[in-house]
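Asker: Take this sequence and fold it.
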Amino acid sequence: MFEFCSDPSTLERLPWLACYLTTGTHLSFYASFGTVLLLLAITAPVALAFGFAAAMAARSHIAPLAWIGKLYTLMVRGIPDIVFFLFVPIAVDQGLEWLRSRALCDPSVPVRQGNEFVVCAAAKLPQSTAAPWVHDIYAFGLAVLAFAIVFGAFAANVLYGAMRAVPHGQLEAAEAYGMTPGQVNRRVLIPQMWTFALPGLSNLWMILIKATPLLFLLGIEDIVYWARELGGSKTSTYAYPHGDWRLWYFLVILCFYLAMTAISERVITRLSRRFARGQATVAGAAQGAWA
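Answerer: Numbers count the residues shown, from 1 in each chain. Alright, predicted model coming up:
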């Protein structure tokens, strides 16, 4: 980045460190923090949408729909998270390629050839000729889907319990005033359930933050990947050789996650006060006492 960085062998101390910290690999390391934040920004609302849909399905009076909602919640909660994080990207990737192979390849050729999954080049996702950023977005999209499915099931359990915690008498009173089931849900059930759901959702958000290093297992170059690569001992083949600095790189990651946790705690506290305002709960009563 700097002009004096053209010959690293002539640099010492601060100039060497300045050049070392501005290499292309370090810029990728800094950008990977944005990757983590982007994952959180996309996964959280998608997982919440999955959870809300599953919770509403579990409450449905239509038996098959209720079974689907409860089965989704129980299945994901009963299987280790890492299994889903590894299974979903592979299953979705092969499923999409299988569909494309039926349309773009010879359908008489089986995709399962022994233990191998083989499709023609036209059915591959992404295409080998695609730009690198296409491959990155595709892998990131699969990771978001895996995270959303797993944390959506936990969100469904939290939201289902929150819906059951809303006083049933209020729902009956709304029905007595002539509200339809949809109006009862929109005007009474859903607005009040957030007070009960927020503690569980806040814990789930913290767990989601701590789960982001699993991107490394999905083949995405996240902060853990770059910390391991940049912090490890380098040899003379590298322009900036150094000893084992992994401790310092992972210390930076530790501070990053602690900062994320501290900011989240402050935001969650404000949301708790906002949702508790005017609610017929212990939290609402405490908020009213402070008002």
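Asker: any idea how far A165 lies from F196?
Answerer: A165 sits at a distance of 4 Å from F196 (criterion: CB to CB, to the nearest Å). Heads up, the C-betas are built off the backbone N, CA and C, glycines and all.
Asker: Comparing the two, which shows the higher neighbour count?
Answerer: F196 (21 against 14; other CB atoms under 10 Å).
Asker: Report whether that one is found in a strand, as I expect.
Answerer: No - counting by DSSP: H, G, I helix; E, B strand; the rest coil, F196 falls outside a strand, being helix.
Asker: In the stretch 101-250 of the chain, where is pLDDT below threshold?
Answerer: Where the stretch 101-250 of the chain drops to pLDDT under 70, the residues are 235-237.
Asker: so where do the strands sit in it?
Answerer: Listed in chain order, the strands of the stretch 101-250 of the chain (DSSP state E, counting those that start in this stretch) span 112-113, 116-117.
Asker: any chance of those in CSV, plus mean neighbour count?
Answerer: Output for those, formatted as CSV (neighbours: other CB atoms under 10 Å):
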stretch, mean neighbour count
strand 112-113, 10
strand 116-117, 10
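Asker: now those as CSV including distance to D106?
Answerer: CSV is the format used below for these (distance: least, CB to CB, whole Å):
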stretch, distance to D106
strand 112-113, 13
strand 116-117, 16
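Asker: Tell me which of those strands lies nearest to F33.
Answerer: Nearest of the strands of the stretch 101-250 of the chain to F33, taken as CB to CB: strand 116-117 at 34.4 Å.
Asker: my guess is L189 contacts M163, does it?
Answerer: Yes - using CB atoms under 8 Å, L189 is in contact with M163, at 6.1 Å.
Asker: coming back round to it: nearest to A31, out of the strands of the stretch 101-250 of the chain?
Answerer: Comparison of the strands of the stretch 101-250 of the chain against A31 by CB to CB identifies strand 116-117 as nearest, at 32.2 Å.
Asker: Partner strands of the closest one, with direction?
Answerer: Strand 116-117 sits in its sheet next to strand 112-113 (antiparallel), going by DSSP bridges.
Asker: excluding its backbone neighbours, what's nearest L142?
Answerer: Take L142 and drop its neighbours on the chain: the residue closest to it by CB to CB, 6 or more residues apart in numbering is P89, 3.9 Å away.
Asker: List the buried residues in whichever strand or helix holds that neighbour.
Answerer: If you go by DSSP states H and E, P89 is part of helix 81-104. By neighbour count on 16 or more other CB atoms under 10 Å, the buried set for helix 81-104 is D81, F84, F85, V88, P89, V92, D93, Q94, E97, R100, S101.
Asker: Between which two of the residues you listed is the distance greatest?
Answerer: D81 and S101 (30.3 Å).
Asker: circling back: of the buried residues of helix 81-104, which is the nearest to K210?
Answerer: Here the nearest of those to K210, counting by CB to CB, is D81; it sits at 11.2 Å.
Asker: List the contacts of that closest one.
Answerer: Applying CB atoms under 8 Å, 6 or more residues apart in numbering, one finds that D81 lies in contact with V150, A211, L214.
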